[in-house]
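**Student:** take this sequence and fold it.
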Amino acid sequence: MRIAVTGSIATDHLMTFPGRFADSLVVDQLDKLALSFLVDDLDIRRGGCAANISFAMACLGERPILVGSVGEDFDDYRSWLERHGVDCKSIHVSMTRHTARFICTTDQTMAQLASFYAGAMSEAREIELAPIASRVGGLDLVVIGPNDPEAMLRHTEECRNRGYAFAADPSQQLAWAEGGLIRQLIEGAAYLFSNDYEAALIEKKSGWDASEILAQVGTRVVTHGADGVRVYRQGEPDIEVAAIPDVEAVDPTGVGDAFRAGYLAAVAEDLSVERAAQLGCAVAASVVETTGTQEYVLSRRDFLARFESAYGAEAAAEIAPRFSFPRP
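**Tutor:** Numbers count the residues shown, from 1 in each chain. Take a look at the predicted model:
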């Protein structure tokens, strides 16, 4: 299955604050907010939603097509992704802007404060999907992840016009997006991904309730952190899947991307909705236990053992032959 993953490609600057942000907030003074937190460390990592999803899919043995815009400073990052099996031939390179940067501080409760510099990502609106489809022999699914807003809208409209199935994943861009734009990004999607907070935000801003949203999409997937995931399909019973137990959370950055990668890899292998949600949870568990969004290793032996422990021998036996797991 040929899956193109569009969205942000960035470097992550990750810092850790050894206290709680909440302890420094004065509710009736938020309009005068001016805070500085002394952090313990700084990790500079590869990131960006589209790149994270593509990397994780490749770690399962899939061959995703990464689509986005970067700066001329991308060479080392490109080499890393290609070495792990990501198709980077359809990435646009800006001649004037740096690759995007995500700057995030996480406190001891896993609360986060973040900023995002778009940089070269603003040129993603210049990318057309049709030439990519011609290069790879067609597109079976296009993931439209957080990106330059005009790029997200262009990719969505092109998918509708050309008949490409697409997955809507607006996530971080929901905070600023108006209801009309959100409705445009969702309508007709084969899949709609969000966490539970984002799901509520979509309903509030779009003006559509849960049933109206479900009428617009094929499958709605809502993650609930440690409480697992729920999958909704019109006319079908809801599916609930528990998260992997006994996870030692280190850094939540990129966990949602990892879940999407596992879910989409299962879709590519024509597995059931339940297996897709389980695989998404299993990949997400590997990421949350690691600092950085692409620093983990999916070892076939360890991954399948953990998967079997959480979801049973039958589930593990079903996914085992579908994925190559480059790591033994």
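
**Student:** quick one: name whatever helix or strand follows the host helix or strand of residue 159.
**Tutor:** In the assignment (DSSP states H and E), residue 159 maps to helix 149-162. Later in the chain than helix 149-162, the nearest helix or strand by DSSP H and E is strand 166-168.

**Student:** what is that following strand packed up against?
**Tutor:** Judged by 3 or more Cβ pairs under 8 Å, 6 or more residues apart in numbering; DSSP states H and E, the packing partners of strand 166-168 are strand 141-144, helix 149-162, strand 191-195. Bear in mind the C-beta positions are built from the backbone N, C-alpha and C, glycine included.

**Student:** which positions within the longest one qualify as buried?
**Tutor:** Going back to what we said before, that points to helix 149-162. Neighbour-count burial for helix 149-162, counted by 16 or more other Cβ atoms under 10 Å, picks out 149, 151, 152, 153, 154, 155, 156, 158, 159.

**Student:** and the nearest residue to the last one once chain neighbours are set aside, how many neighbours?
**Tutor:** This means residue 159. Excluding the flanking residues, the one nearest residue 159 by Cβ to Cβ, 6 or more residues apart in numbering is residue 166, at 4.1 Å. Neighbourhood size, residue 166 [other Cβ atoms under 10 Å]: 23.

**Student:** repeat that for the one 10 residues further on.
**Tutor:** Applying the criterion other Cβ under 10 Å, we find 8 residues in the vicinity of residue 176.

**Student:** distance check, residue 50 against residue 243.
**Tutor:** Applying Cβ to Cβ, to the nearest Å, the value for residue 50 to residue 243 is 24 Å.

**Student:** now do residue 98
**Tutor:** 36 Å.

**Student:** comparing those two, which shows the higher neighbour count?
**Tutor:** Neighbour count, other Cβ under 10 Å: between residue 98 and residue 243, residue 243 has more, with 21 against 18.

**Student:** part of a strand, is the more buried one?
**Tutor:** No. With DSSP: H, G, I helix; E, B strand; the rest coil as the criterion, residue 243 is coil rather than part of a strand.

**Student:** and it, backbone torsions?
**Tutor:** With angles defined as degrees, to the nearest 10, residue 243 sits at phi -70, psi 160.

**Student:** same thing with residue 85?
**Tutor:** phi 100, psi 10.

**Student:** which residues does it contact?
**Tutor:** Neighbouring residues of residue 85 by Cβ atoms under 8 Å, 6 or more residues apart in numbering: 58, 59, 61, 62, 63, 326.

**Student:** looking at the residues you listed, which one is closest to residue 260?
**Tutor:** Ranked by distance to residue 260 (Cβ to Cβ), the contacts of residue 85 are led by residue 62 at 12.4 Å.

**Student:** what number of residues lie near residue 197?
**Tutor:** For residue 197, using other Cβ under 10 Å, the count is 13.

**Student:** which pLDDT value belongs to it?
**Tutor:** Here, the pLDDT recorded for residue 197 equals 95.

**Student:** any idea how far residue 213 is from it?
**Tutor:** Note on residue 197: its distance to residue 213, by Cβ to Cβ, is 15 Å.

**Student:** other SSEs contacting the helix or strand containing residue 256?
**Tutor:** Using DSSP H and E, residue 256 maps to helix 255-268. Contacts defined by 3+ Cβ pairs under 8 Å, 6+ apart place helix 255-268 against strand 3-6, helix 49-59, strand 141-144, strand 191-195, strand 219-223, helix 273-288.

**Student:** can you add distance to residue 134 and give the helices and strands packed on strand 166-168 back as TSV?
**Tutor:** As requested, those are arranged in TSV below (distance: least, Cβ to Cβ, whole Å):
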stretch	distance to residue 134
strand 141-144	14
helix 149-162	11
strand 191-195	24
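
**Student:** so which of those is nearest residue 261?
**Tutor:** Closest to residue 261 of those is strand 141-144 (Cβ to Cβ; 9.6 Å).

**Student:** name the residues that touch that closest one?
**Tutor:** For strand 141-144, the surrounding residues in contact (Cβ under 8 Å, 6+ apart) are 1-7, 50, 53, 129, 152, 155-156, 159, 164-170, 185, 190, 260, 264, 267-268.
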